[in-house]
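In: one predicted model, sequence on top.
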Amino acid sequence: QKEVEQDPGPLSVPEGAIVSLNCTYSNSAFQYFMWYRQYSRKGPELLMYTYSSGNKEDGRFTAQVDKSSKYISLFIRDSQPSDSATYLCAMSAWNTGFQKLVFGTGTRLLVSP
Amino acid sequence: DTAVSQTPKYLVTQMGNDKSIKCEQNLGHDTMYWYKQDSKKFLKIMFSYNNKELIINETVPNRFSPKSPDKAHLNLHINSLELGDSAVYFCASSPTVGTSGRLVYEQYFGPGTRLTVT
């Protein structure tokens, strides 16, 4: 079993829909949670970053972390065709100041006009 | 200006050959990484250097050897290439400590090098 599980999709939605992307994890030591967006044939780019439990909002994007359930979510409101990409969750435990991210397999999102 | 750059972007080579991939970052970060992304998009860390010192060395065949001549550069040399080495290799960088003095867990990725071994 992988440390981080993520449904690969694809997830197809119409423009304007609310999108929910999720990851579950098994390592209770994880404290830092990130969402990366990766367009086709490009490198991942950081979208959202959350420390510990709670919510964080940035424009149309909301990240939620529920450490008790070992579950994180990314919500996209008013989805746009330009949101079509693969979304990778990533997480890390504090490790003597050095960062080791563990990634999910990514969920491919397709937003149709 | 490109923050994290990699060369080459594409690499097609035959089994048994030796090849190198180069990475440079102009963000002033002190930590750099190599990741491998397989055909199913799974991204896995291979190595990490902090100020030219190897700090993460995952279970990777000895045929892979990273080298960091300075903290802005990280290269990856692969000997005796195999079919299973075909993947996209990403370089990334990050600061260890942010401006607030707290540990930082954000990494910035390069565009990737698509390696195809035939």
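Out: Great, that's in hand.
In: my guess is A:Ser82 is in a helix, correct?
Out: Yes - the assignment for A:Ser82 is a helix, going by DSSP: H, G, I helix; E, B strand; the rest coil.
In: output the set of residues of chain A in proximity to chain B.
Out: Counting by CB under 8 Å from any CB of the partner chain, chain A comes close to chain B at A:8, A:32, A:34, A:36, A:38, A:41-46, A:49, A:86, A:88, A:92, A:94, A:97-101, A:103, A:105-106, A:108. (Each C-beta comes from the backbone N, C-alpha and C, glycine too.)
In: residues touching the residue in chain A that chain B sits nearest to, list them.
Out: At 3.5 Å from chain B, A:Gly43 is the closest residue in chain A, using CB to the nearest CB. By CB atoms under 8 Å, 6 or more residues apart in numbering or on different chains, the contact list for A:Gly43 reads B:Val4, B:Phe90, B:Ala92, B:Phe109, B:Gly110, B:Pro111, B:Gly112.
In: near chain A, from these?
Out: Filtering the contacts of A:Gly43 for neighbours of chain A using CB under 8 Å from any CB leaves B:Val4, B:Phe90, B:Ala92, B:Phe109, B:Gly110, B:Pro111, B:Gly112.
In: before we move on, the earlier item: mind putting the contacts of A:Gly43 in JSON lines, neighbour count and secondary structure included?
Out: Converted to JSON lines, the contacts of A:Gly43 look like this (neighbours: other CB atoms under 10 Å in any protein chain shown; DSSP: H, G, I helix; E, B strand; the rest coil):
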{"residue": "B:Val4", "neighbour count": "23", "secondary structure": "strand"}
{"residue": "B:Phe90", "neighbour count": "26", "secondary structure": "strand"}
{"residue": "B:Ala92", "neighbour count": "26", "secondary structure": "strand"}
{"residue": "B:Phe109", "neighbour count": "24", "secondary structure": "strand"}
{"residue": "B:Gly110", "neighbour count": "29", "secondary structure": "coil"}
{"residue": "B:Pro111", "neighbour count": "17", "secondary structure": "coil"}
{"residue": "B:Gly112", "neighbour count": "22", "secondary structure": "coil"}
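In: tell me which two of these sit farthest apart.
Out: Largest separation among the contacts of A:Gly43 by CB to CB: B:Ala92 and B:Pro111, giving 11.1 Å.
In: which residues are in contact with each of the two?
Out: Joint contacts of B:Ala92 and B:Pro111 (CB under 8 Å, 6+ apart) are A:Gly43, B:Val4.
In: re the thing from before, show me which of the ones next to chain A among the contacts of A:Gly43 is closest to chain A.
Out: Nearest to chain A among the ones next to chain A among the contacts of A:Gly43, with distances taken as CB to the nearest CB, is B:Phe109, at 3.5 Å.
In: list the contacts of the closest one.
Out: Taking CB under 8 Å, 6+ apart, one finds A:Tyr36, A:Gly43, A:Pro44, A:Glu45, B:Val4, B:Tyr35, B:Phe90, B:Cys91, B:Ala92 in contact with B:Phe109.
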